[in-house]
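1. Quick check, what structure comes out for this input:
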Amino acid sequence: MDERFIIKQVTKTELDSFIGFAPHYFRHLAESLTSRSPTCLAKIMGLYQVNIKGLKGGREVKMDLMVMENIFFQRTISRVYDLKGSVRSRYNSDTSGHNKVLLDSNLIEAQHTNPIFLGSKAKQRMERAVWNDTSFLASLDVMDYSLLVGVDERKNELVIGIIDFLRQYTWDKQLETWVKASGILGGSKNEAPTVISPVQYKKRFRKAMSRYFLAVPDDWSSS
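-> Okay, here's the model as predicted:
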């Protein structure tokens, strides 16, 4: 295995959701390619169902698998962030180990000592891609996605991709929104709930991604 792809098991809810909007997803990618409009959606290559039969007439197990691109393929990544634009329960206290996945609050904390700078043009392109993709996802009532960010210090580049965009805003998500907002399960009521409506999620996500990465003049970033 050369780690070019990632295989992920998906739930029936995620599978049904993606099958429902898959034509729109592939159309969005095709239009982005033909119009040269930037997108940062991680590419889904296919869905497969694997049947595993037990020995001697044992129980059969079915697994639904999704094959996606590995956006970090052939990269030397020193830091990885999974960003949702929220600080509620978004801190990983265990930062030891190679490629430990850090969260929003980790990035905010690192801004004081090790901020991520982007050239002005690179940041504009990133913001445009995020804007295009979040508009598309909100139109399908999709939410709870993340921006996966990898810092390639050897090439002095940032690798990004929107992942986990399979879940649509259904009644169970609405209930989760209410429970988290009420503070029944703990956490400060002053912090916005992680799960909100797709339009609210889109707006919060855009604002946070713009704030997380600091722009510098292009001649600075190229030196």
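2. and the helix of greatest length in the chain, what other elements does it pack with?
-> In the chain, with assignment by DSSP state H, the single longest helix is helix 12-35. Identification of packing neighbours for helix 12-35 by 3 or more C-beta pairs under 8 Å, 6 or more residues apart in numbering; DSSP states H and E yields strand 44-53, strand 60-69, helix 120-139. No exception for glycine: its C-beta is placed from N, CA and C like everyone else's.
3. and of those, who's closest to residue 87?
-> helix 120-139 (18.5 Å; C-beta to C-beta).
4. what's in contact with the closest one?
-> If you take C-beta atoms under 8 Å, 6 or more residues apart in numbering as the criterion, helix 120-139 is touched by 24, 28, 32, 37-41, 118, 143, 145, 147, 158, 160, 162, 165, 198-199, 201-202, 205-206, 209-210, 213, 215-218, 221.
5. One more pass at 6 Å, please.
-> For helix 120-139, contacts defined as C-beta atoms under 6 Å, 6 or more residues apart in numbering pick out 28, 37-41, 162, 165, 198-199, 202, 205-206, 209-210, 215, 218.
6. that older thread, what separates the longest helix of the chain from the chain centre, distance-wise?
-> 16 Å (C-alpha atoms, centre = their mean, to the nearest Å).
7. Convert stretch 157-165 to CSV, retaining C-alpha atoms only.
-> The C-alpha trace of stretch 157-165 is given here as CSV (Å, rounded to 0.1, in the frame of the first residue of the first chain):
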residue,chain,number,x,y,z
GLU,A,157,3.3,24.7,2.2
LEU,A,158,-0.1,24.2,3.7
VAL,A,159,-2.2,21.2,2.6
ILE,A,160,-6.0,21.5,3.2
GLY,A,161,-9.2,19.6,2.5
ILE,A,162,-12.8,19.6,3.7
ILE,A,163,-13.6,16.2,5.1
ASP,A,164,-16.5,14.5,6.9
PHE,A,165,-19.2,16.1,4.7
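8. Any buried residues in that stretch, and which?
-> Across stretch 157-165, burial judged by 16 or more other C-beta atoms under 10 Å covers 158, 159, 160, 161, 162, 163, 164, 165.
9. what angle sits between the helix or strand the second one falls within and helix 120-139?
-> What it means is residue 159. Element membership for residue 159, per DSSP states H and E: strand 157-163. In terms of direction (axes from the mean of the first three to the mean of the last three C-alpha atoms, to 10 degrees), strand 157-163 departs from helix 120-139 by 10 degrees.
10. helices and strands around strand 157-163, which ones?
-> strand 146-152 (3 or more C-beta pairs under 6 Å, 6 or more residues apart in numbering; DSSP states H and E).
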